[in-house]
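A.B. asks: curious how this folds, go ahead:
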Amino acid sequence: MLVDVLAAGLHPRVRSQANGSHYTSTDELPLVPGIDGVGRGSDGRLRYFILPDTAMGAMAEKTVIDVRRSIVLPDDADPVSVAAAMNPAMASWVALRQRVEFRVGQKVLILGATGNAGEMAVQIAKMFGAAEIVAAGRDIKRLAHLPALGATATVHLDGDSDAVADRLGQAASDVDIVIDYIWGEPAGAAMAAVITHRAEREKPLTWIQIGSVGGPTAPIPSAALRAARLSIVGSGQGSVSTRAILTELPALAKAILNGSFRIEARSMPLEQVEQAWAEAGRSRQRIVIVPQR
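C.D. replies: This is a model prediction of the structure:
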């Protein structure tokens, strides 16, 4: 279906797709960026859509969608809020629904909680009934806002490495699940810290790898796998089928539209995409491109 694009999120996933660093990138040019968005088709319905991995993206006045990879939204839905929140929220929502058997009352550590996706993960873990949510990140100002969103403890990841490890280990020693947006060297250090401080090593610990802002590879201590009941899984395209992701979208969209989450979005016209691209990496808000005049 040909749709008029009303809003398309400028997510980190979009930027990594365009610069070729994402694991699904094909390096095909020319490329219209954008992996999802909100649009209106010839049937008059408002839809949130996810695009397949092609060079025809969402950052255009019109795009072609597969209706089976879309969900119908209420006519009064705010396209900018939906386009801003669905992608960052989907990461932890799908991970906790599709990659692990999350149970009410479990304890969660979120590494990279001061990013947009991490901040959404705090709110989603709370919604799903986590008993404790340890939020860890480098941005101390954003960290200070997370208890209001559901974090029961926060850990600042900047500073002396030994001090950081001690803070993290003490705060998160008995968590059941780690949602990791960082990976790289920090993940290896965090894994060692959590396990070293763990009183019950036989208690299952599931580490969900989602993002890799800290680096594409992490040095996993061999002792971490032998000295604790540790499972490492990934969550993303490939490890979760498109069909499974699509089954989660209606409930997630409903939660967003009901105002269940704090969403910080900023819309910018397509004409300013170069400026938007430059600001996206340092903006606290999720930037949304609005193609229609």
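A.B. asks: ranges for the helices of this protein?
C.D. replies: 12-19, 79-94, 116-127, 140-145, 161-172, 184-196, 222-226, 242-257, 273-280 (DSSP state H).
A.B. asks: Pro219 is in contact with Gly188, correct?
C.D. replies: Yes - the pair Gly188 / Pro219 is scored as a contact, 4.1 Å apart, by C-beta atoms under 8 Å. (Glycine included, C-beta is placed from N, CA and C.)
A.B. asks: looking at the two, which is more packed in?
C.D. replies: Gly188 (18 against 12; other C-beta atoms under 10 Å).
A.B. asks: what residues are up against that one?
C.D. replies: Taking C-beta atoms under 8 Å, 6 or more residues apart in numbering, we find Gly188 in contact with 218-221.
A.B. asks: name the residues of the strand ranked longest in the chain that are buried.
C.D. replies: In terms of residue count, the longest strand belonging to the chain (DSSP state E) is strand 2-9. For strand 2-9, burial by neighbour count (16 or more other C-beta atoms under 10 Å) applies to 3, 5-9.
A.B. asks: and what of stretch 54-65?
C.D. replies: 57-60, 63, 65.
A.B. asks: got it, and stretch 104-116?
C.D. replies: Buried-residue list, stretch 104-116, by 16+ other C-beta under 10 Å: 106-116.
A.B. asks: just send these back as CSV, with distance to Glu279 too.
C.D. replies: Conversion of those to CSV gives the following (distance: C-beta to C-beta, whole Å):
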residue, distance to Glu279
Gln106, 37
Lys107, 36
Val108, 31
Leu109, 30
Ile110, 25
Leu111, 25
Gly112, 20
Ala113, 22
Thr114, 18
Gly115, 15
Asn116, 14
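A.B. asks: strands - which of these land there?
C.D. replies: Those of these lying in strands (DSSP E): 107-111.
A.B. asks: out of those, which is nearest to Leu149?
C.D. replies: Nearest to Leu149 among these: Ile110, at 10.9 Å, using C-beta to C-beta.
A.B. asks: wait, that closest one touches Ala121, no?
C.D. replies: Yes - here Ile110 reaches Ala121: they are 4.9 Å apart, a contact under C-beta under 8 Å.
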